[in-house]
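J.: Below is the structure, and that's it, no one-letter string:
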């Protein structure tokens, strides 16, 4: 089994209202069964989620985007976003903006963003890959970020192997694999952070079929073993 | 930029003392610059880290492998391993064992395990890929496991972009990417959990050069923003 992960290169700087599905379809040879991973920042740009601070403090924007604050230490805020994701600064970022005084917010509904890209590709270009919107999250106990899925369309984000058996016939205890997060992380390896590559295509992976939501990956608080 | 991720297929069930470097070299067309990802369970098997419970309770084995217990709720234990990794059951697992009453422990020193595979490949087969030993870890706030690096050789596990600039010339604030974890997760997508595929090869990724340790990914407690 071999996967390929290809960067979608040559896109111009994105602006609000850009037809990202067309821009990707013109530059990439998409096939059904592919997984198209699009960086959150690209989605936020085309959806007008890059905004001016206009005198507001960044911390107030972060608190406005947060449903709750999970941890706070000096200027570091770990917050639960309105979508339920727990991440630094409630996903508010000030890199890759048009300049000082601008700030990037997460898409309002990243699943819907993924679904719009998917249906635009299906309706106008005749190809319906699974779509993942990815973002870089920090982790408890480990340094560095890895990209994870904050929106999905055309797939379920979790592969549930409970009840299946290992190579020797023994039942796997309770194995649920966050494949959408692994796909997002794999795509990050070709997208980089500073290269202006907002999308990548994973070919050869059989995604868990069905219509899921990235919110399926959010741990219900009562089941969380960690915090 | 395109990466390929290929499963190393056709390996027999592994036993203590097996020459895993040879078994992989005979089945895979490795090149310098590749990243060879080997599942922890394969390493534990060849290193004799599959042991009989011999009347001990699993919980006592877990506590014996732990440096400290981070969270405990009923039979779920999140523990810090002797290496510094925080994970469920201190990495102790009872799937993919020879049968009931057996249990798999993490390698004593997964960096050294990775280095042994790398030098065996270099000395006897003339090829020196970077090597990652991977394991499936749960995460705070998110469901499902993703594979991460618990041992590395021939690379640094973190890509440090601090001080570099984005496509518009603005300095990236504090971006450190855990590429070894993303590589491990990408490899998991072709290895699966129940297929008897203990290794995968990632080709086309420029790893951060140097000699690192998977312990570099462990967050120093005083810097941890999450727990």
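T.: Thanks, I have the structure now. Every value quoted in this text rests on a predicted model; they were computed, and no experiment measured them.

J.: average model confidence for the longest strand along chain A?
T.: Ranked by residue count, the top strand of chain A under DSSP state E comes out as strand A:142-153. Mean per-residue pLDDT for strand A:142-153: 97.

J.: for it, which positions count as buried?
T.: Neighbour counts using 16 or more other CB atoms under 10 Å in any protein chain shown place A:142-153 of strand A:142-153 among the buried residues. Where you see a C-beta, it was placed from the backbone N, CA and C, and this is true even at glycine.

J.: what angle sits between that strand and strand B:142-153?
T.: When axes from the mean of the first three to the mean of the last three CA atoms, to 10 degrees is applied, the directions of strand A:142-153 and strand B:142-153 differ by 140 degrees.

J.: Contacts for the helix or strand just after strand A:142-153 next, please.
T.: As assigned by DSSP states H and E, the chain's next helix or strand after strand A:142-153 is strand A:159-160. Applying CB atoms under 8 Å, 6 or more residues apart in numbering or on different chains, the external contacts of strand A:159-160 come out as A:176-177, A:179, A:208, B:144.

J.: If you drop the residues flanking it in sequence, what lies closest to the most centrally placed residue in chain A?
T.: Chain A has residue A:134 as the residue nearest its centroid, 1.9 Å off, counting by CA atoms, centre = their mean. Spatial nearest neighbour of residue A:134, chain neighbours left out: residue A:184 (3.7 Å); criterion: CB to CB, 6 or more residues apart in numbering or on different chains.

J.: what helix or strand is that neighbour on?
T.: Assigned by DSSP H and E, residue A:184 falls in helix A:179-191.

J.: Who are the packing partners of that helix?
T.: Judged by 3 or more CB pairs under 8 Å, 6 or more residues apart in numbering or on different chains; DSSP states H and E, helix A:179-191 is in contact with strand A:2-7, strand A:35-39, strand A:130-139, strand A:142-153, strand A:199-203, strand B:2-7, strand B:142-153, helix B:179-191.

J.: report the angle between the axes of the fourth one and strand A:130-139?
T.: Taking the same axes, to 10 degrees, one finds strand A:142-153 and strand A:130-139 inclined to each other by 160 degrees.

J.: just how off-centre is strand A:142-153 within its chain?
T.: Centroid displacement of strand A:142-153 relative to its chain, using CA atoms, centre = their mean, to the nearest Å, is 6 Å.

J.: got the angle between it and helix A:179-191?
T.: Using the same axes, to 10 degrees: strand A:142-153 against helix A:179-191 is 110 degrees.

J.: What is strand A:142-153 packed up against?
T.: Strand A:142-153 packs on helix A:110-125, strand A:130-139, helix A:179-191, strand B:142-153, strand B:176-177, helix B:179-191, going by 3+ CB pairs under 8 Å, 6+ apart.

J.: who's in contact with the closest residue to residue A:89 other than its chain neighbours?
T.: Spatially, and ignoring its direct neighbours in sequence, residue A:89 is nearest to residue A:62 (5.0 Å; CB to CB, 6+ apart). By CB under 8 Å, 6+ apart, residue A:62 lies in contact with A:77, A:79, A:89-90, A:92.

J.: of those, closest to residue A:43?
T.: Using CB to CB, residue A:92 is the member of the contacts of residue A:62 that lies nearest residue A:43, at 14.7 Å.

J.: before we move on, the earlier item: what angle separates the helix holding residue A:184 from strand A:35-39?
T.: 70 degrees.

J.: quick check: domain ranges of chain A?
T.: A:4-49+A:107-219, A:50-106 (automatic domain parsing).

J.: I'd like the ones you listed written out as CSV, with distance to residue B:102 added.
T.: Formatted as CSV, the domains of chain A follow (distance: least, CB to CB, whole Å):
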stretch, distance to residue B:102
domain A:4-49+A:107-219, 10
domain A:50-106, 36
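
J.: tell me the most buried of the ones you listed?
T.: domain A:4-49+A:107-219 (a mean of 21; mean count of other CB atoms under 10 Å in any protein chain shown).

J.: Just the endpoints, please. Distance across that domain?
T.: Distance between the two ends of domain A:4-49+A:107-219: 30 Å, counting by CA to CA, to the nearest Å.

J.: same thing with stretch A:203-219?
T.: Start-to-end, stretch A:203-219 (CA to CA) is 28 Å.

J.: Any stretches of chain A with poor pLDDT?
T.: Counting by pLDDT under 70, chain A shows low-confidence ranges at A:165-174, A:193-195, A:225-227.

J.: how close does the residue nearest to residue A:89 get to residue A:97?
T.: Between residue A:62 and residue A:97 the computed distance is 15 Å (CB to CB, to the nearest Å).

J.: go on, residue A:9?
T.: From residue A:9 to residue A:97 the distance is 22 Å (CB to CB).

J.: now swap in residue A:136 and tell me
T.: 15 Å.

J.: rewinding a little: the buried residues of strand A:142-153: which two are farthest apart?
T.: A:143 and A:153 (31.4 Å).

J.: Now do the SS call for the residue nearest to residue A:89.
T.: In the three-state summary, residue A:62 is assigned as helix, counting by DSSP: H, G, I helix; E, B strand; the rest coil.
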